[in-house]
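Just the structure for this:
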Amino acid sequence: MIKTNILSLMMLAALTTVAQKKDPIKTTFQSSREWRPTIDNRADAVMVYGTGGNPSDKSRKLPFEDRVKSWRDKGYIAHFMTGIAWGEYQDYFTGKWDGKMHLDEGQVDVKGDTIWHGHMVPYIVPSENYLKYIKEMHIKRVIDAGIDAIFMEEPEFWARAGYSESFKNEWKRYYGFDWRPQHESPENTYLSNKLKYALYLHALNEVFTYAKSYGITKGMDVKCYVPTHSLINYSQWMIVSPEASLASLPCVDGYIAQVWTGTSREPNYFNGVAKERVFETAFLEYGAMESMTAPTGRKMFFLTDPIEDWPRDWADYKKNYQATFTAQLLYPNIADYEVMPWPERIYEGLYKTSPNSDQKEKIPRHYSTQMQVMINSLNSMPKSTSKVSGSTGISVLLANSLMFQRFPTHEGYDDPQLANFYGLALPFLKRGVPIKTVHLENLAVKNALADTRVLLMSYSNMKPLAPEAHHHLADWVRNGGVLIYCGTDLDPFQSVQEWWNSNGRQYQRPSDHLFEQMGLKDEMAKEGKYRYGKGTLYVLRSDPKEFVIKPDNNQKLLDVTKNLYESIGRGKKLQFKNYFTLTRGNYDLVAVLDESVSNQPYQVNGNLIDLYDPTLPIITSKSIQPNEQCLFVNIDHIKNKQQPQVLASASRIYSEVTANDRYSFIAKSPINTTNVSRILLPNKPKRVLVGKRDVFSEVNWDTRTNTYLLGFENSPDGVQVDIEL
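Numbers count the residues shown, from 1 in each chain. This is a model prediction of the structure:
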């Protein structure tokens, strides 16, 4: 059954209440390969992918247990990752496991074609038999191998799917009536996608509940995580997934936010133009992921990828990696990271040397150096109570049902490139407002709206899955919140079979029920301002997409929001600017926006190490241009400048010793890469030994900052550095 067994979940929660140790995992990565010196990036942990490897990796050198041992022998904590919606499960599909063929359980489109992830790897309709196979053949095996953290990635059901016999059977079990083709009506589309969402919510609950229960029998506290794209990306790519609802399951310990260039370069509309806006999209994607877990306390890893799935040139990868990397760091409450997926393709893959060339090469030394400086900064990136510069307190409401209306299209409904979401977010983000997102599914959680002064929402592109959310919204407004509702409420999904028009309720639109909670009982609330308790409801009768698909058409939204934001009092003004800045410990971040209130560069000053330059220069002044981002170590922030320390490095630093006018450490990083380090010292060194060779050079000493620039070839076995002071 798809319906959650509440009693079993309560029992599981009680069983897993054990003494918690401090989590040693801050950085991780995923690999289908055994340890090799070329991919030894020195994160805290590795997620060994698949009991049989990655479906895209045809070599599959070693059994799972041997791959795990190879990483453990090199000092890594080993975890397990595999797909829940697809994977190298040919023994299931071809009948080797139970004597029956199961290729008919793949997701099928309207033409009758199976949707494939790879050769003999279909996207799956997760039947009970399939889940039994996953538990018996994969989860049990990895726990028996001593794995205590399981990552089941990408619970994905394509919106264009829903035509297989297995899906029709699940429909009948879930709804109690026969399957209906989703392309025939908006209601069928909505019901079909709602079922896809429920199927993978159930699937992960089943698998993780089993993992935790089986782990207990082995004396283990097994942690379970879901690596998943953001709700924004899945909605744009027309994929359905459980997203925020997973955080309500006791068996889910957290997520990996799978955000990278490939998701963030999806075009969106702003000021009448559809194009890639990688930094802004990444910022919103990470925000949507953070807001899924922020009220619940679940762990969140942020992912970036120095390349992406599609072949591009190295300059393209570098530029967009910097954009996504900066975007993730602008969330100071998140300090755990997946530093890269698939190091084997990053370090060993061949990609274009330029956009118009067919020549390919492995990662250039300058880029691998810069990338390793960046990922090593994550090992020391602190959580921070600092705020991103700009006017805070404006949020956009999201709901899982954002995925339900995307495909197929129906007459009377059009939402190009998810414009109804971006129409509420980009007019503010592009003006330097660090806008947040809030998930409708989390409104029952205490403090879900604690940091929100003005909440923007619409039911033009999503619908509420339960009436309780409206009670929480009304209570928040009554206690002083400001809710701006944007929408014409004329789309055909307003009348789908749902709670607001069934079981005795006869509302034509879900917003009618919402407004009734705040004292409005008109047939359809007119545009305007309404008081409710200490707060305000403002109804704006425009679909949000109109604010971005047409040029120069968002002024009304801006004016209404600005007036309401400033009317709350406390002297706060809604500030518009063309940049974001943030300080996290010794790190300074800057992102300058294009298409904004001005084209002025942002000027930084100080004693700064530029981490997006592989030579790690010391700069005292820099003009950052629109559509550029920067990450610095600010030497002026360092409190104890007499303490020798490596401030930035393309290697991870181990075994630091400071004694008797000597500073030493061991630097580790993959072979075939070049280390550059900037080292803070109390005075100019007398000798700098790399191994037993003195490499000291006067030109590498910066007198103003008391830092020494050191370079050498990396080794995963470690390079000994001794500095005599």
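
Please tell me how far Asn578 sits from Pro626.
Look at Asn578 and Pro626: by Cβ to Cβ, to the nearest Å, they are 7 Å apart. In this view, the C-beta of every residue, glycine as well, is placed from N, C-alpha and C.

sorry, that was for Phe283
Taken as Cβ to Cβ, the span from Phe283 to Pro626 is 15 Å.

re the thing from before, what is in contact with Asn578 and Pro626 at once?
Residues touching both Asn578 and Pro626 (Cβ atoms under 8 Å, 6 or more residues apart in numbering) are Val592, Leu593, Ser596, Asn599.

Leu689: which element?
strand 687-690 (DSSP states H and E).

which other helices and strands contact that strand?
strand 707-713, strand 719-724 (3 or more Cβ pairs under 8 Å, 6 or more residues apart in numbering; DSSP states H and E).

Phe283 and Pro626: which has the busier surroundings?
Phe283 (27 against 17; other Cβ atoms under 10 Å).

First-to-last residue distance for stretch 378-385?
The first and last residues of stretch 378-385 sit 17 Å apart, counting by Cα to Cα, to the nearest Å.

and Phe151, backbone torsions?
Phe151 adopts backbone torsions of phi -120, psi 110, taken as degrees, to the nearest 10.

Tell me how many other residues surround it.
24.

buried subset of the shared contacts of Asn578 and Pro626?
Using 16 or more other Cβ atoms under 10 Å as the burial test, the shared contacts of Asn578 and Pro626 include Val592, Leu593, Ser596 as buried.

isn't the first one right next to Pro601, touching?
Yes: using Cβ atoms under 8 Å as the test, Val592 is close enough to Pro601 to be in contact (6.5 Å).

shared neighbours of these two, anything?
With Cβ under 8 Å, 6+ apart, Val592 and Pro601 have common neighbours Ile624, Gln625, Pro626.

Kindly indicate which of these lies nearest Tyr708.
Lowest distance from Tyr708 to these (Cβ to Cβ) belongs to Ile624, with 26.6 Å.

List the contacts of the closest one.
Tyr579, Val590, Val592, Pro601, Tyr602, Gln603, Val604, Cys630.

one more time with 7 Å, if that's ok
Val590, Val592, Pro601, Tyr602, Val604, Cys630 (Cβ atoms under 7 Å, 6 or more residues apart in numbering).

Show the buried residues in those.
Buried, going by 16+ other Cβ under 10 Å: Val590, Val592, Tyr602, Val604, Cys630, out of these.

Which strand residues bridge the fourth one?
Assessed by DSSP bridges, Val604 has beta-bridge partners Lys622.

From Met403, how far off is it?
40 Å.

quick one, helices of the stretch 201-350 of the chain?
Using DSSP state H, counting those that start in this stretch, the helices of the stretch 201-350 of the chain run over residues 231-237, 261-264, 278-293, 314-329, 343-348.

tell me the most buried of the ones you listed?
helix 278-293 (a mean of 26; mean count of other Cβ atoms under 10 Å).

Show me what that one is in contact with.
Here helix 278-293 makes contact (Cβ under 7 Å, 6+ apart) with 230-233, 243-244, 247, 254-255, 257, 259, 261, 263-266, 268, 300, 302, 320, 323-324, 326-328, 330-331, 333-334, 398, 425-426, 429-430, 436-439, 591, 629.
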